[in-house]
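Asker: kindly generate the corresponding structure for this input.
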Amino acid sequence: MTHDPLIQFRSAAERVMAQALGKLGVESGQIAFDDPPEGMGDLAFPCFALSKSLRRGPAQIAQELAAAGKTPEIASVKAAGPYVNFTFDDKLLTKATLEAVLRNGAAYGSHPRSGKRVLLEHTSANPTDRLHVGRGRNPIIGDTLARALRMSGCDVDTQYYLDDMGRQAAMRLMAERHGKTYQWAAGLVEAERQDPEAVERRAELDAIVKGAERGDTALIAELQAICKKVMEENISPVLRLISAEPDTYVSESKFVVDGSVGRAVDGLRASGKCGEDDGALFIDLAPFGVSGRTSRFFLTRGDGTSLYPARDVAYHVWKNGQCDRAINILGEDHKTESRGVEVALRALGQENVPDVLFYSFVSLPEGKMSARKGRVVYLDDLVEEAIDLAKEEVAKRRPELGEERRADIAKAVGVAAVRYNIVRTQPEKQMVFKWEEALNFEGNSAPFIQYAHARACSILAKAGNIPSNYNPSLLAHEMELRLVRRLAAFPSLIAKCARDMTPHLLASYAFLLASDFNQFYRDCPVLVAEGDARGARLALVQASRLALRSALNVLAIEPLEEM
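Answerer: Below is the predicted model of the structure:
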């Protein structure tokens with residue numbers, strides 16, 4: 001019994017296509033299908049690549065291939081321009097889909113365990129202050145992708161790489177020593193001031209940075225303690241609030257203390273693929289497409305102390321020993337550094353390099369976020385604002401509920417609104433943050449999807465038991481069949497998102513599933529349906545509830561039973 005109802009139908013289409021290609025004298029090899037436009041079937045085979053070898057146009061080839069025949073699973077095979085479109089048999093597909101969903105329950109969409117180990121790094125923000133919304137894209141994208149990977153059958157460890165050795169951490173420690181704020185330290189260090197205090201503090205900062213890099217254990221312990229304090233006060237709480245806290249925190253200092261950084265630098269120096277500039281070791285990235293002043297990827301200073309990139313390389317060497325696939329979620333401003341790490345790993349003879357999902361900046365309508373200019377929205381403020389707004393909505397809609405229950409629903413709705421609003425935008429696309437969109441509870445939003453789940457729960461509660469001997473062949477209405485096909489697509493979508501690192505597609509799917517369910521419920525009465533049609537539609541409602549629950553879980557959105 002399969003977890004994916006579409007497997008048998010794809011296999012049937014592959015057999016038909018292999019037979020058709022064989023008649024034309026073409027080796028079938030691995031047959032790749034596309035998704036056709038709405039209303040054009042369930043699978044599409046493009047014929048463009050065959051045109052050269054068969055010496056005729058792809059539209060003519062499609063006509064010849066479409067004449068090959070069909071199987072019980074395939075209702076029709078038709079040519080549509082340069083494509084061959086396959087449509088699955090409605091009754092067989094409905095039966096297979098409902099069986100798969102109802103058998104797997106809220107775990108529907110999950111694939112058998114593959115044993116593949118994935119290490120996914122996300123967030124890794126400097127431990128200096130609260131997370132703003134721009135950085136908030138990172139944990140939400142990363143956590144959603146990690147959940148999809150787990151559902152695809154992988155063993156996943158999510159990690160936060162804690163930069164407890166950089167200048168930001170050193171400035172935080174210096175501020176703590178003097179009973180001041182991080183902003184005080186940053187102002188003294190980064191401003192063009194030459195007064196005695198600024199000069200003295202810069203010297204103190206350099207001493208902290210270089211002392212830690214040389215392995216001063218007492219100093220490293222101080223840095224670790226201050227970074228842990230910042231994490232516990234400012235960053236970890238909001239990650240827990242949005243259900244995106246990583247499994248593991250890995251300290252940058254670990255790789256200095258255990259000698260990994262030294263070994264990585266020695267290995268790179270011995271590789272013959274590095275250059276030196278006044279004693280500072282670097283890799284020239286110009287041959288790898290990086291131009292300008294950033295083409296030199298420096299690993300050490302002239303005095304031999306390591307820079308952040310060297311420690312990052314050591315971390316990735318360690319990562320490769322922990323997993324089969326490493327994934328990094330990074331802002332687009334890290335592209336050059338990520339390229340440098342990849343080149344360095346290859347220079348060290350490492351076969352695996354990380355897959356990187358870059359996300360674009362988040363800006364405000366008035367421009368780029370800037371803490372210094374006061375143009376910034378902090379993630380915890382956004383979530384709390386969303387929860388407060390949700391409280392008002394729940395109070396208006398459900399005044400009969402107790403205060404505690406209303407608060408629980410509001411928290412679930414507020415957090416969901418923020419997570420969904422951020423993850424639904426393709427990571428590579430720039431995002432202009434607007435309060436009115438982030439806190440929108442209508443249309444393409446998490447509350448809309450949560451409400452569809454709650455409606456399904458309500459229908460089932462009113463109906464009582466679902467007949468175990470329902471007749472799926474009675475589901476023949478256009479909206480019933482559309483909903484069935486949406487349900488059937490979920491396991492394939494999970495596999496695609498995990499493979500291609502496209503978490504935004506999960507949000508799109510959940511919205512479309514909720515929309516299809518609402519239209520089905522509008523057009524096909526359930527509780528007042530007559531005879532066996534009622535049982536079949538109740539089975540479809542139950543399948544929809546389970547799939548919605550599974551889709552919401554992978555988005556880390558609570559599937560509410562009442563709203």
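Asker: give me the buried positions along stretch 151-160.
Answerer: Judged by neighbour count using 16 or more other C-beta atoms under 10 Å, the buried positions of stretch 151-160 are 151-154, 156-160. For the C-beta atoms, the positions are set from N, CA and C on the backbone; glycine is no exception.
Asker: can you give me the first-to-last residue distance of it?
Answerer: 21 Å (C-alpha to C-alpha, to the nearest Å).
Asker: average model confidence for it?
Answerer: The pLDDT scores in stretch 151-160 average 98.
Asker: contacting residues around that stretch?
Answerer: With C-beta atoms under 8 Å, 6 or more residues apart in numbering as the test, stretch 151-160 has contacts from 109-124, 142-143, 146, 149-150, 246-250, 322-323, 325, 494-495, 497-499, 554.
Asker: quick one: the buried residues of stretch 151-160 as JSON lines, columns for secondary structure too.
Answerer: Formatted as JSON lines, the buried residues of stretch 151-160 follow (DSSP: H, G, I helix; E, B strand; the rest coil):
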{"residue": "M151", "secondary structure": "helix"}
{"residue": "S152", "secondary structure": "coil"}
{"residue": "G153", "secondary structure": "coil"}
{"residue": "C154", "secondary structure": "coil"}
{"residue": "V156", "secondary structure": "strand"}
{"residue": "D157", "secondary structure": "strand"}
{"residue": "T158", "secondary structure": "strand"}
{"residue": "Q159", "secondary structure": "strand"}
{"residue": "Y160", "secondary structure": "strand"}
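Asker: and those residues, which two are the farthest apart?
Answerer: Within the buried residues of stretch 151-160, two members stand farthest from each other by C-beta to C-beta: G153 and Y160, at 24.1 Å.
Asker: hang on, the earlier thing: and which of the buried residues of stretch 151-160 is nearest to A80?
Answerer: Using C-beta to C-beta, the buried residues of stretch 151-160 come closest to A80 at S152, 31.2 Å.
Asker: how about the nearest residue to the closest one, chain neighbours excluded?
Answerer: A498 (3.6 Å; C-beta to C-beta, 6 or more residues apart in numbering).
Asker: my read is that the one you found contacts A148, right?
Answerer: Yes: contact status for A498 versus A148: in contact at 4.9 Å, counting by C-beta atoms under 8 Å.
Asker: ok now do the closest residue to K429 other than its chain neighbours, which residues does it touch?
Answerer: Of all residues not flanking K429 in the chain, S360 sits nearest, at 6.0 Å (C-beta to C-beta, 6+ apart). Residues near S360 by C-beta under 8 Å, 6+ apart: 331-332, 427-431.
Asker: of those residues, buried ones?
Answerer: 331, 427, 431.
Asker: give me the low-pLDDT residue ranges for the stretch 451-563 of the chain?
Answerer: For the stretch 451-563 of the chain, no stretch has pLDDT under 70.
Asker: so where's the stretch 1-150 of the chain shaky on pLDDT?
Answerer: 1.
Asker: for it, which segments count as helices?
Answerer: 7-23, 51-54, 58-66, 90-104, 133-151 (DSSP state H, counting those that start in this stretch).
Asker: kindly export the fourth one (C-alpha atoms) in CSV.
Answerer: Spelled out, that is helix 90-104. Output of helix 90-104 as CSV, limited to C-alpha atoms (Å, rounded to 0.1, in the frame of the first residue of the first chain):
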residue,chain,number,x,y,z
ASP,A,90,-11.4,9.8,-12.1
LYS,A,91,-12.9,6.8,-10.3
LEU,A,92,-9.6,5.0,-9.8
LEU,A,93,-7.8,8.2,-8.7
THR,A,94,-10.5,9.1,-6.2
LYS,A,95,-10.4,5.6,-4.7
ALA,A,96,-6.6,5.5,-4.5
THR,A,97,-6.4,9.0,-3.0
LEU,A,98,-9.1,8.6,-0.3
GLU,A,99,-7.5,5.3,0.7
ALA,A,100,-4.0,6.8,1.0
VAL,A,101,-5.1,9.8,3.0
LEU,A,102,-7.4,8.0,5.4
ARG,A,103,-4.9,5.2,5.9
ASN,A,104,-2.0,7.6,6.7
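Asker: centre of the chain versus it, how much separation?
Answerer: Offset of helix 90-104 from its chain centre (C-alpha atoms, centre = their mean, to the nearest Å): 28 Å.
Asker: do you know how far the residue lying closest to A416 once chain neighbours are set aside is from S458?
Answerer: Using C-beta to C-beta, 6+ apart and skipping the chain neighbours, the partner closest in space to A416 is A446 (3.6 Å). Distance from A446 to S458, counting by C-beta to C-beta, to the nearest Å: 18 Å.
Asker: check G464 too.
Answerer: Distance of G464 to S458, computed by C-beta to C-beta: 13 Å.
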